[in-house]
Structure formats: structure tokens, C-alpha cells
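Engineer: predicted model, plus sequence, below.
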Amino acid sequence: MATGTTSSKAAAATRSSAGGSRRNGTPASTEAGRPTRRLVIVESPTKAKKIAPYLGRDYVVESSVGHIRDLPRGAADVPAKYKGESWARLGVDVDNSFAPLYIVTPEKKGKVTELKDALKGVDELLLATDPDREGEAIAWHLLDTLKPKIPVRRMVFHEITEPAIRAAAENTRELDQDLVDAQETRRILDRLYGYEVSPVLWKKVMPKLSAGRVQSVATRLIVQRERERMAFVSAEYWDIAATLDAGADASPRRFGARLVSVDGTKVATGRDFGPDGQLKTTDGSVRVLDEASARRLAEALDGRDLTVSSVESKPYTRKPYAPFMTSTLQQEAGRKLRFSAERTMRSAQRLYENGYITYMRTDSTTLSESAIQAARSQARELYGDAYVSPSPRQYTRKVKNAQEAHEAIRPAGETFRTPGEIAREVEGDDFRLYELIWQRTVASQMADARGTTMSVRVTGTAATGEETTFAASGRTITFPGFLKAYVETVDDQTGGLADDAESRLPELTQGQAVTATELNPDGHSTNPPARYTEPSLVKALEELGIGRPSTYASIIKTIQDRGYVWKKGSALVPSWVAFSVVGLLEHHFGRLVDYDFTAAMEDELDAIASGTQARTDWLSGFYFGAAQGTEGSVARAGGLKKLVGVNLEEIDAREINSIPMFGDVVVRVGRYGPYLERVVDGTSQRANLPDDLPPDELTAEIAEQLFAVPAEGRVLGTDPVTGNEIVAKEGRYGPYVTEILPEPAEAESSNGTKKKAAAKPKPRTGSLFKTMTVETVTLEEALRLLSLPRLVGIDPESGEEITAQNGRYGPYLKKGTDSRSLTSEDQLFTVTLDEAVEIYKQPKQRGRRTAAATPPLRELGKDSATGKPMVIKDGRFGPYVTDGETNASLRKGDSVEEITDERASELLADRRARGTAPKKTTARKAPARRKAPAK
DNA sequence: CAGTGAGCGAGCTTCCGCTTGACTT
């Protein structure tokens, strides 16, 4: 595709090339004879400061500070002229070639003004944003927003050294429109996915939830792991741990070995069992040793002769690890320093800004020439020539979707400062992180570690006649090489056996006799797969090619903020809501949460970037469904728009929010949190689930215990009058207090009297006032609430009782079927009969009651459309503007004090354009309110 | 998940990926 896909972009592209006065190179000077002045725009302010001196006085270097424009975040950001459009909610005109609506991000308006000013004094603009898809897009947005009337060129560099920067300024190119297209397509896909699927969750699970290409897969990984843990059956197996003695001359004299086979049959170890607790093989080639057999065998071996039956040794070499990129830095800082991803990045940002390290958001492990030399000379200085790799090492990438716009993360500069040298300036997290980065970088240019691995078999015949074999393995490092500088920490789940741990064996020869000094039967059980931690999740996401260096930390934050995941120590534990959401997505949007969806998307975006795939066709396939013969797996996702519509109709919210456990016990995700439910004798029984109970710890026994706890809630104390316990709880209608009635006496229920006699008295209840919370309400307040309704007196006219009560809409008076609202909750306890009678003399007000009582917050001028005067009033949903006929709420960013007549008219016009709000009847299936299942 | 009596102007929630201050206590 040679032309831009949107008209504005095509125009911008034309402008940029037609405006340039030379096709190659850049003008050396202006016609007036003074040197050409150029404005260079990079993304990061720190980078701008760094490269300015390299370029000299004829260059002005500024930064965009990331993206300057984006799709509108929500309705409030959509310019008035597009408000009424059907696609305004998405910010993408899906029926018109998916034309995006871009707005300058509100907080970047000042930045755009600054850049426009900077443009005034120069003769040429160099767009030096990062050399990747996002950077190319930022460059285009700058071009399209600043609309420069001078030549514009694209400048790219991968490392920040003076020669690299000077060369980049000399060898500029034009903007790559296809690459910009690829970014725009990615952006639109993510918007459509997120903004179409999230509302399905609001209606079917809970408001404010979210779905997205990245977060939904991250959540699914964590849920999937928890499911594996829940289904896991542990297996028990035994072996024998022996301590063997190789004689007084051996060094070390004693070494450990483990029983591996009996009569030629392998003894089962953890690896031989599946997640169901059964052996993976059933052909008899593996035998499970139980405790009794292990003990018997250990006894039968006591004092028997043992012989070394085989000795194998192999040379061992190990290469250093690649220098850090964002993901590996987060993983290692997580494992070694116990930093969260966010903490690592905060610290790295400080180190970067203060010039200690190179850029910290990178997916590259490449070191610049000078960095390689710096690392080598530092290694030489510290450890000697022998420890430096014979030739410079360059590490190539093996991770999906790398864009490699930057270098690896390493100490900054042409020579590295050792941790000791910066210890006075840098402390705390920053120092520890620097030390880690420094070690890893230096180690990456060091020599391989070398040594020998040995494996030894020792055999012996038990007194009972069985032939037994023990095995031992060890590693001798003869030359540590890079290990002298850096040892990587492995994940906890491998059982703490660090790969580089050295366990030494004595020199042994075949046929040599050894004796057992200890023979200990040893019991083990298999463990479920470990939960994800921040480091292991980042690793998994990176391997799937999901997320970018700048987003790993925020992905973890997002899935926690949405309530999908919580942290227990360092483990990431999924919530029950996550089970519902992931279940919904898997069943109804399966393709969208496939682990290879992003990988397929990236391949197809590459095709767009190389000009072989048309953007609009591809998005159309994704959103409207694949046209006949359309290629591409993303397009085959099934037509998102239709899928959303069908799913809104068909998804049964009750089913989606029910997670079957064991027996007939179901976890249900309700509006007010998760609870257990089961049907006993035709009635459903429920129990709250504690917030801090991980799903895999919910066993049948624990479920029984939870069902056995009657009504929980915060115990406030005892009612001095009745002796009943008073508790505060969260209920379907909000927080309330109630009393726990004593169980009916034993004798009555067991003597065969009719059930009628056992009719339970109902406990008193009372909603909390708005000023109270379950956490803070006192016993005294609770007793007052329970004393309601209060009899105010008898209406002298009708003879009816007038009572004061607290209800759904607040405090009110009730006389038969006639009611009147009270203005304060306090009046429930203070209003007198005379006052009540007075209130009843007023006719029942229809909604104007509050309006009449409270004057408008502010009066405005006349509405430009109707000519009627406008006023701001305070309503149930906050302040709104009205002309007496149409009402419109103030939006985010509007304030009562500052709103102008124009803005008020705009809101009213907008409201009129939308017409009356549609009645909410369909698709609003509040799961908690649907009737119980027939069973 | 407690069961109580109106009538009336809702609008917003949400995505991913680039980047840092400007705010308040």
C-alpha cells in the first residue's frame, strides 16, 4: 500500500516530502547565510538533555514526553461535533474505514504549545522518536499536530553515543507510513476489544470490570494455574537417603546418594507422577515404594557391602547470561531483591534520570561497542585476563515481538562506575539495583564457567536378596569464569536446587567398595504447580509476546485494581470474579483469550507494516467478520460486533457467575462478593466466603465449616434488654444491623409437635444511616436503629397511627398507606406528633420538594437554543443544568462555579440530541436477584 | 445475603502503549 489509509495522513505525508528542499541529506545553511537551525524532538526529556551536547548549538532538542494524541478516553473527551455520532463511544468510525478520532491528550496541550513555539525559530524539524512502531506513530502524530511549514525528516538511532547521534542526524529518512499504519491498527484493535467486551462484563458479571487483549490473557494464566492446583491430587512416595563413606583417603570422605532402583525397576520419584496423583506409566517400568517397603529395605541393607558400579564424568561449560532487558531485570530484581515490578521500575527510572544506567524500558540485549569494551576492561581489572571472554560477546534476541529500539539495560557511559564508586551518591533500592545491573553487564563479557559433572551408581544386595542401586551426582567447577561475578537465581518452584550450586563428589573408581554410614527411609509427596509470582508472570507474558517493556508493571497493577488478582506474599492469587470473567471469555470469546492471539496479531501487523496487508480489510475481518476468503487468524476471531450482540442476548449471567466446586456446592459471584451455595431439602443454603481464602484452599471440609457459621457480621455487643447478640452486616440493600435470635429450645422440636409451633420469630433489622458504616457503627446506634419504626402518635383526625421509619429512600413518616419524606435521619427520633400532623397537611410533593426547598446552585444566562434561562441545580446524581424542560448532568471537568453559558447550552443540546434515555429492561440480569434454581 | 414507601433530570465504568511531572498532605 503506497498511500496512507486516511485522508489526513495522506495529506501529511505529502506535506512532509513536498516541503523538504533536498531529497537527500539536509540543507547546510539558509539563504541568508547563517547556519541552518534544526529542532530535534525525542520522546524522553532525559534523552533530550543527553543528546543536546552531542549535536551542538545549531540544534534545539525537545521532547514529546511520550504520545501526545490518542483516541478519546470516554464521552467527556469527545469534541462536541462528534458527540452525537453512533461511534463516539469507541472513538473509531467503524463504518468509515475505521477512521480514528484523535484528540490531543488533555495533559499534553501545554506540551504541544511549547513544541509549536520551538518550531518558530528553526529551519528544519527532525523527528527523533524511538525507532519502533510506537515511535514512528508518535512522529506522525507530531507532524500531523504541529503542521510545520518547514522541511521535516525522520531521525533514528539505537544507542546514545556521540558518534551514533551525529551519524543519525546526518542520515535521516522519511516517515514510514506503513509502520504508522501498523501502530494505528494495533491501537484500534485494542480499543475495539477493550471497549466492546468490557460492557459485556458489566452487564453479566459486575460493573467496572474490564477485558483487554493483554490483561485478559494475564488473568487467564493465573486462573488456569489455580484450576490446576485445585484439580491436583498429591501422591506419596518413599525412597532411601544414604550417606556413603569412600574411605579415609577420599575427599570428601562422605557423600550423599539416593535409592533409584530395586531389582532393575526404577523407584518412582516426583517426576513420575501426573497431576492426578497416579503414575504416568502403567507398564510396570516404575515402582512406587511405600513407607513399609522403604523401611524394610533400609534395614535389609544395613551393614551390607556396597560397590561403585559406574562412574561417568562429563565436561561442563556454561555461558554467561545476556545483559538485562526490562523483563529479565524485573524477574531478577524480583527474585534476588524481592522487588515488585513497579518498585524495580521506579528505582530504574531514578537511576536513568540521574545518569547511572541506560534506558530501562527495552526489549533488547544488545550492547554498544563501547559498552562491550567497558565491560571487558572492568572484568579484566577486577578478575584478570583469564576471566574475560576471549572475544566480545553479543547476545541476540530470542523473544517474540521484540522491537529493539534501545540498548540493553547497563551502566551508563564509556567506562562503568563500580558500585563502590557510586556508593556515596546512591543508596537503598537504587544502589542495590545498580549493583545487580553492573554485575550482570560485566559478567556478560566474561569467560564461560568450566568444570566436570559426575554421576555415580552404587549397588548392593539387601539381606532379603533385592538388588538395589543408589545414585549420586555432583559438579566440580574447575574454573568459575563469569560465576565469579554473577549467579542467577532460579524460581522457587524448582525446589531450591540452584543450578549453579556445587556439590562435590570424591574421586571414585568402578568396583570400589563403599560403606553406608546412614540409611534413612525418606517420605515425599508431590506438589501442585506453584502460583505465578510477579517475576514468573512477566516471564510468561514475555514468552507469549504479550505486553511491552513499558507495560509489564502496569499489567500487574491493572489486574489487581480490577479485583481479578490479589497478592498473598509474593504469590498472585485469582479472585472468584476472575474465575467468572475468564470462564465467560473462554466460552464466549474463546479466540480473544487464546494464548497465541497476540502472536498472530503481531505477524499480521508485520504484514501491514511491510505493506502487504491492508489495514481496513484486516480490521473489518476482526470487527464485522471475515469476508469470503479473507486470510488471517485475527480476522477469524468471528466478527466481534456480532459476537457481542449475540452474547448479550444469550449469556446466562447466573450460569457464568456459578463455579461448581464439589458435590452440589457452588461458588457464586454476587454483587456483594462471592458466597457458597447449595440446595438442601429444597431450600438453598448460603455462606459467605472469606476474602482471604485462596480458591485452591476451599476444600469440602472448609465449605462445611463455612455453612455451619450462621450469620457472620461484625458483633457489636449484646442487647441489655433481650440478651440477643447485635451484629452489623452488608446486605442486599446495603449495610444494616440485626440481632441473632437464640435457637429454639431442644425439647420443643424433638417432641413431635407440629411445625407450626416452631414458626421462628423474625429478628429485628434496621438499615444504617448514610453517615454510618459497618466498621464504625456502635452498639448504642444499633439499638436505636432497631427501635424503629417509632410510633409518633395517633393522628387526631383519622385515628391512624403515625410512625417514623427508615426506608429505601431515607427517613419518612407513614400513616396507613400515606407517606411523607423527612428531611433528616435525626427527625426519626425527634419529630413530634404536632410536627408530623403539620407535615401531613402539606400535599404530597411530586419530586419538586427538594427543588423547592433548595434554591438553584447558580443562575446562568439564556440557552442559545431555546432562549430560556438556565440554572444549575443539585440533584440526586449531582449538579445538573436545566432550562426547565431539559436536564443535563455536568460532566467530568465541568464545575458549578466555572461553567459558561456556552458549555451549559452545549450540554443541553447534547442531551436533547440523545433523546430520552432508553428504558433499561433487557439484558440487565442482576444475577443476585434472579430466582433460585429449581432443583 | 434483610423485605420497605415515592417518583424522577443519569452518566459512567472500560482498552494498550509512549512518557514524566504537577498536584496535595
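Structural biologist: Received it, and whenever you're ready, just let me know what you need. Residues are numbered from 1 along each chain as shown, chains lettered A, B, ... in the order given.

Engineer: burial count for A:Val456?
Structural biologist: With neighbours defined by other CB atoms under 10 Å, the count for A:Val456 comes to 25. To be clear about C-beta, it is placed using only N, CA and C from the backbone, and glycine gets the same treatment.

Engineer: what about the residue in the stretch 301-450 of chain A that DNA strand B sits nearest to, how many residues nearby?
Structural biologist: Taking CB to the nearest atom of the strand as the measure, the point where the stretch 301-450 of chain A comes nearest DNA strand B is A:Arg361, at 4.4 Å. Here the count is done by other CB under 10 Å, and A:Arg361 has 21 residues near it.

Engineer: list the residues that contact it.
Structural biologist: For A:Arg361, the set of contacting residues under the criterion of CB atoms under 8 Å, 6 or more residues apart in numbering consists of A:326, A:406, A:548-550.

Engineer: run the last query once more with 6 Å
Structural biologist: Applying CB atoms under 6 Å, 6 or more residues apart in numbering to A:Arg361 gives the contacts A:326, A:549-550.

Engineer: do the same with A:Val311
Structural biologist: When contacts are counted by CB under 6 Å, 6+ apart, A:Val311 is found next to A:456, A:508, A:510.

Engineer: helix, strand, or coil at it?
Structural biologist: Here A:Val311 is recorded as strand under DSSP: H, G, I helix; E, B strand; the rest coil.

Engineer: quick check, pLDDT for it.
Structural biologist: Listed pLDDT for A:Val311 reads 96.

Engineer: output stretch A:811-831 as CSV, restricted to C-alpha atoms.
Structural biologist: Taking only C-alpha atoms (Å, rounded to 0.1, in the frame of the first residue of the first chain), the coordinates of stretch A:811-831 have been written out as CSV:
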residue,chain,number,x,y,z
PRO,A,811,-36.4,8.6,56.6
TYR,A,812,-40.1,9.0,56.3
LEU,A,813,-43.4,9.1,58.1
LYS,A,814,-46.1,6.5,57.5
LYS,A,815,-49.8,6.8,58.2
GLY,A,816,-51.7,3.9,56.7
THR,A,817,-50.7,4.0,53.0
ASP,A,818,-49.9,7.7,53.1
SER,A,819,-46.2,8.6,53.5
ARG,A,820,-44.1,11.8,53.7
SER,A,821,-40.4,12.0,53.5
LEU,A,822,-38.5,13.5,56.4
THR,A,823,-35.6,15.8,55.8
SER,A,824,-33.1,14.3,58.2
GLU,A,825,-32.5,11.0,59.8
ASP,A,826,-32.4,12.6,63.1
GLN,A,827,-36.0,13.5,62.8
LEU,A,828,-36.9,9.8,63.1
PHE,A,829,-36.2,10.1,66.8
THR,A,830,-37.2,13.8,67.4
VAL,A,831,-40.3,14.6,65.3
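
Engineer: show the buried residues in the contacts of A:Arg361.
Structural biologist: By the neighbour-count criterion of 16 or more other CB atoms under 10 Å, the contacts of A:Arg361 include these buried positions: A:326, A:549.

Engineer: generate CSV for the contacts of A:Arg361, with pLDDT as supplementary columns.
Structural biologist: Converted to CSV, the contacts of A:Arg361 look like this (pLDDT from 0 to 100):
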residue, pLDDT
A:Thr326, 97
A:Pro549, 97
A:Ser550, 97
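
Engineer: residues in contact with A:Leu115?
Structural biologist: Taking CB under 6 Å, 6+ apart, we find A:Leu115 in contact with A:Leu146.

Engineer: report the buried residues of stretch A:506-517.
Structural biologist: The neighbour-count criterion (16+ other CB under 10 Å) identifies A:506, A:508, A:512, A:514, A:516 as the buried residues of stretch A:506-517.

Engineer: returning to that earlier point: filter the contacts of A:Arg361 by proximity to DNA strand B?
Structural biologist: With the criterion set as CB under 7 Å from any atom of the strand, the members of those near DNA strand B are A:549-550.

Engineer: got the domain boundaries for chain A?
Structural biologist: Chain A breaks down by the TED database into domains covering A:38-68+A:105-175, A:185-232+A:532-654, A:236-319+A:451-525, A:326-447, A:858-908.

Engineer: rank those by mean pLDDT and give me the bottom one.
Structural biologist: domain A:858-908 (a mean of 76).

Engineer: end to end on that domain, go ahead and measure it.
Structural biologist: When the termini of domain A:858-908 are compared using CA to CA, to the nearest Å, they are 16 Å apart.

Engineer: ok now that domain, how far from the chain's centre?
Structural biologist: The chain centre lies 39 Å from the centre of domain A:858-908; the measure is CA atoms, centre = their mean, to the nearest Å.

Engineer: what's the answer for stretch A:282-296, then?
Structural biologist: Its chain's average C-alpha position is 44 Å from that of stretch A:282-296, according to CA atoms, centre = their mean.

Engineer: which SS state does A:Leu788 fall under?
Structural biologist: For A:Leu788, the secondary-structure state derived from three-state DSSP is coil.

Engineer: how near is it to DNA strand B?
Structural biologist: Taken as CB to the nearest atom of the strand, to the nearest Å, the spacing of A:Leu788 relative to DNA strand B amounts to 10 Å.

Engineer: check contacts around that residue.
Structural biologist: Contacts of A:Leu788 were listed using CB under 6 Å, 6+ apart, and they are A:766, A:805-806.

Engineer: contacting DNA strand B as well, which ones from those residues?
Structural biologist: Near DNA strand B, judged by CB under 7 Å from any atom of the strand, the entries from the contacts of A:Leu788 are A:Gly766.

Engineer: out of the contacts of A:Leu788, which sit inside strands?
Structural biologist: By the criterion of DSSP state E, membership of these in strands covers A:766, A:805-806.

Engineer: can you map out the strands along the stretch 601-750 of chain A?
Structural biologist: Here the stretch 601-750 of chain A has its strands, by DSSP state E, counting those that start in this stretch, at A:658-660, A:666-670, A:673-680, A:683-688, A:714-718, A:725-731, A:734-740.

Engineer: dump those strands to CSV, plus distance to A:Asp272 and mean neighbour count.
Structural biologist: Written out in CSV, the entries for these read as follows (distance: least, CB to CB, whole Å; neighbours: other CB atoms under 10 Å):
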stretch, distance to A:Asp272, mean neighbour count
strand A:658-660, 31, 15
strand A:666-670, 33, 20
strand A:673-680, 36, 17
strand A:683-688, 39, 14
strand A:714-718, 50, 15
strand A:725-731, 49, 19
strand A:734-740, 53, 20
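
Engineer: alright, that wraps it up for me.
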